[in-house]
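[1] Coordinates only, no sequence provided:
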């Protein structure tokens with residue numbers, strides 16, 4: 001059983017216990033019983049929807065906060081700083097082959113993953129290699145391997161980055177460890193993700209770009 005399924009089960013058990021406690025503290029009627037069941041059903045379904053789509057909802061929260069003037073991503077010299085979104089995640093403005101997308105930075109993801117819609121928008125075509133199986137929060141899904149010619153965050157840029165493309169990702173794009181590992185360092189300080197460029201002259205590591213400072 002995954003951690004998400006365990007949390008869902010514990011929530012449902014907790015909701016059931018609270019409902020039974022509420023029923024036992026008052027005189028039980030058919031109308032009251034039905035009202036309680038419907039109420040807890042609505043609460044349960046709402047929580048399940050939020051838990052199963054929390055990353056997509058997080059993206060919407062991040063977009064809304066930015067429109068309200070909450071600047072999440074800034075550049076200081078050659079260092080990129082990304083503030084934690086209200087949903088507790090880090091969302092980066094990433095350019096894939098020159099096309100900007102909003103991506104969830106996930107150190108728990110081994111490889112960068114993009115949706116089929118994003119792949120089409122940025123001109124990334126899946127390779128002819130066999131599909132791979134990817135573990136996600138919603139279970140195991142099938143994805144196609146691919147490569148991006150250029151991926152950048154502000155002044156940081158790397159080339160020939162392996163990634164996977166999947167229809168099951170919805171509109172969620174994830175920046176994984178294969179991107180972060182090309183940095184000199186990355187860390188979280190005071191709810192801010194700090195990305196520092198590598199200095200080694202290697203086209204596969206993230207180097208500062210002179211033509212992009214935002």
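    Happy to help now that I have it. Everything numeric in this text was worked out from a predicted model, so none of it was measured.
[2] Could you please name the strands the longest strand seen in the chain pairs with and the direction of each pair?
    Taking DSSP state E as the assignment, the strand of the chain that covers the most residues is strand 139-153. Partners of strand 139-153 in the sheet, by DSSP bridges, are strand 91-96 (antiparallel), strand 132-136 (antiparallel), strand 156-166 (antiparallel).
[3] Which residue ranges make up each domain of the chain?
    Following automatic domain parsing, the chain resolves into domains at 3-52, 70-208.
[4] For those domains, give me CSV that also has mean pLDDT and mean neighbour count.
    (Glycine included, C-beta is placed from N, CA and C.) Shown next, in CSV, are the domains of the chain (pLDDT from 0 to 100; neighbours: other Cβ atoms under 10 Å):
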stretch, mean pLDDT, mean neighbour count
domain 3-52, 63, 12
domain 70-208, 87, 17
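[5] So residue 46 belongs to a helix, correct?
    Yes: the assignment for residue 46, made by DSSP: H, G, I helix; E, B strand; the rest coil, places it in a helix.
[6] if I pick it, what's in contact with it?
    Counting by Cβ atoms under 8 Å, 6 or more residues apart in numbering, residue 46 touches no other residue.
[7] swap in residue 164?
    Residue 164 sits in contact with 111, 112, 113, 114, 132, 134, 143, 144, 145, 146, where contact means Cβ under 8 Å, 6+ apart.
[8] Show me where the protein has its helices.
    Under the criterion DSSP state H, the chain contains helices at 3-24, 30-52, 54-67, 116-122, 177-180.
[9] Output the contacting helices and strands for the last one.
    Counting contacts by 3 or more Cβ pairs under 8 Å, 6 or more residues apart in numbering; DSSP states H and E, helix 177-180 is packed against strand 156-166.
[10] Dihedrals phi and psi, residue 181?
    Main-chain dihedrals, residue 181, degrees, to the nearest 10: phi -70, psi -10.
[11] nope, residue 126 is what I meant
    According to degrees, to the nearest 10, residue 126 has phi -60, psi 150.
[12] how near is it to residue 168?
    14 Å (Cβ to Cβ, to the nearest Å).
[13] got it, and residue 184?
    Applying Cβ to Cβ to residue 184 and residue 168 gives a distance of 33 Å.
[14] same deal with residue 95?
    Distance from residue 95 to residue 168, by Cβ to Cβ: 24 Å.
[15] Format the contacts of residue 164 as CSV; extra columns: distance to residue 74.
    Formatted as CSV, those follow (distance: Cβ to Cβ, whole Å):
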residue, distance to residue 74
111, 27
112, 22
113, 25
114, 24
132, 35
134, 31
143, 32
144, 34
145, 33
146, 30
